[in-house]
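[1] what's the 3D shape of this:
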Amino acid sequence: MKYIISVLFIIFSAFIVSAQNSEVKTETFKVAGNCSMCKKRIEDAAYIKGVKRAEWNKETKELTLTYNSSKTSSETVLQSIAKAGHASEKVTAKEEDYNRLPGCCQYNTNSCND
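    Okay, here's the model as predicted:
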């Protein structure tokens with residue numbers, strides 16, 4: 001009897017784990033930025049509830065985002081990043097948010113040497 005209960009528990013646990021994993025998505029987006037300060041700001045803005053990993057590559061200008069789709073969406077994350085001043089391929093930053101960026105991070109001017 002204990003054996004049957006143990007087997008059922010393992011099967012049930014495996015089912016729950018596989019159902020949870022199907023909600024985890026990884027996507028890549030172009031996000032404008034220049035330097036290591038931009039990298040920190042973009043990644044910090046991306047870490048909202050439901051985000052498991054966010055990594056921005058300075059050379060490729062790409063954000064790799066891993067998130068739980070039952071808790072957030074890529075659109076919500078990109079809106080958070082835009083609020084921090086960084087535009088993406090899907091969400092444009094408002095001018096006032098962009099203007100709050102340090103001079104080096106204002107990616108439209110290409111003035112950063114980092």
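
[2] Give me the next element, helix or strand, following the helix or strand of the chain with the lowest mean pLDDT.
    When the helices and strands of the chain are compared on mean pLDDT, DSSP states H and E, helix 2-21 comes out lowest with a mean of 57. Once helix 2-21 ends, the next helix or strand along the chain (criterion: DSSP states H and E) is strand 24-30.

[3] For that next one, the averaged confidence score.
    Average pLDDT, strand 24-30: 97.

[4] Centre of the chain to it, how far?
    Relative to its chain's centre, strand 24-30 lies at 7 Å (C-alpha atoms, centre = their mean, to the nearest Å).

[5] which residues sit against the very next helix or strand once past it?
    Counting by DSSP H and E, the next helix or strand C-terminal to strand 24-30 is helix 36-46. Helix 36-46 is contacted from outside by 31, 33, 54-56, 58, 63, 65, 77, 80-81, 83-86, 101-102, 104-105, 107, 114, using C-beta atoms under 8 Å, 6 or more residues apart in numbering. To be clear about C-beta, it is placed using only N, CA and C from the backbone, and glycine gets the same treatment.

[6] now, which of the residues you listed lie within helices?
    77, 80-81, 83 (DSSP state H).

[7] ranking those by neighbours, who comes first?
    Counting neighbours by other C-beta atoms under 10 Å, Ile81 comes out on top of the ones in helices among the contacts of helix 36-46 with 29 neighbours.

[8] No further questions, thank you.
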